[in-house]
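[1] the following comprises the amino acid sequence and a computationally predicted model.
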Amino acid sequence: MKFILSSTLLFIASFAFAQSFEGTLTYAVDFELSQNLMQKGVAKQTMLKNMRTDGTWADTVRISYKKGDYYVHKNTTPKSWSIYKSKDNKIFGLKDGPDADICTVLDASVDLEKYTSGKKPTVEKLDTIIKIDGLKCNIVRVTWNSGTSDYYYQSTMLSIDPLLFANHVYDAWAEYLKISKALPLRIVKSTKGEMTVTMKLVGVKEQSVQDQLFAIPTLVPDKKLNNAKTDNPIRMRIKKG
């Protein structure tokens, strides 16, 4: 796996992208539990089994980018995926299984922690330089009350125009891209008192992405699906036929 990734990164590094990356990135995902949870007797394998059973864990994530849109596929059981449409500035979450007729719609113009706590996350480029397969990478850290997200990137690789995602406030994605102007080679998300999830880039496929990958089904409101106090995200019914 390391050899494949190293070869892929060297191939990409030999090109200076004049425009934003279009294609698919594949990440391998793993996690480690915090000392706090382990001291409480929580075991990684038990948690992993539970997350796989309830369909919330994916050890592989594929993200396809085209202009200002992206498609995220997770190898959960049942299958789940999400689509960001820049023209709507919304993230549409879909999945197979019992809830296949429901779509979760998240407004990407809102940072959820600021929405609930009133506190905006901080975004900063760290002084630290980390080597990933021999490549010197910078780090952008996003800090919330609940934890941190570290984005590792190489400024000459996987270039992207930050203006394409200028309105993507959710997850501080727009702020990260303003600094990096590149897609991440690694993402490390740590939640205080819980776990650290690491996404490592293991595959890159530069290609033309078909428009139909970003197709959203016709959605209709259903008040019965939204009994929570928050209005972001909301759940909508997928229209049949």
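    Received it, and whenever you're ready, just let me know what you need. If you're wondering where the values come from, they're calculated on a predicted model, not measured in any experiment.

[2] which residues touch the most centrally placed residue in the chain?
    The residue lying closest to the centre of the chain (CA atoms, centre = their mean) is Val72, at 7.3 Å. Counting by CB atoms under 8 Å, 6 or more residues apart in numbering, Val72 touches 61-63, 81-84. Yep, even glycine has a C-beta here, placed from its N, CA and C like the rest.

[3] repeat that with 6 Å
    Neighbouring residues of Val72 by CB atoms under 6 Å, 6 or more residues apart in numbering: 63, 82.

[4] cool, and Pro121?
    142-144, 172.

[5] give me the next element, helix or strand, following the one helix or strand in the chain whose mean pLDDT sits lowest.
    When the helices and strands of the chain are scored by mean pLDDT, DSSP states H and E, helix 2-13 comes last with a mean of 47. Next along the chain after helix 2-13, taking DSSP states H and E as the criterion, comes strand 23-33.

[6] find the nearest non-adjacent residue to Gly23, please.
    Glu206 (4.1 Å; CB to CB, 6 or more residues apart in numbering).

[7] neighbours of the one you found, how many?
    Per other CB atoms under 10 Å, the neighbour tally for Glu206 reads 14.

[8] where does it fall, phi/psi-wise?
    phi -80, psi 120 (degrees, to the nearest 10).

[9] please apply the same query to Ala100.
    With angles defined as degrees, to the nearest 10, Ala100 sits at phi -70, psi -10.

[10] Lys79 against Asp99, yeah?
    No. Using CB atoms under 6 Å, Lys79 is not in contact with Asp99, being 11.9 Å away.

[11] ranges for the strands of the protein?
    23-33, 60-66, 69-74, 80-85, 90-95, 102-107, 122-125, 130-132, 135-143, 147-153, 186-191, 195-206, 219-221, 234-238 (DSSP state E).

[12] now those strands in CSV, with mean pLDDT and distance to His168?
    Output for these, formatted as CSV (pLDDT from 0 to 100; distance: least, CB to CB, whole Å):
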stretch, mean pLDDT, distance to His168
strand 23-33, 97, 17
strand 60-66, 98, 12
strand 69-74, 97, 9
strand 80-85, 97, 7
strand 90-95, 97, 9
strand 102-107, 96, 11
strand 122-125, 96, 13
strand 130-132, 94, 24
strand 135-143, 96, 13
strand 147-153, 96, 14
strand 186-191, 96, 15
strand 195-206, 96, 18
strand 219-221, 94, 20
strand 234-238, 94, 18
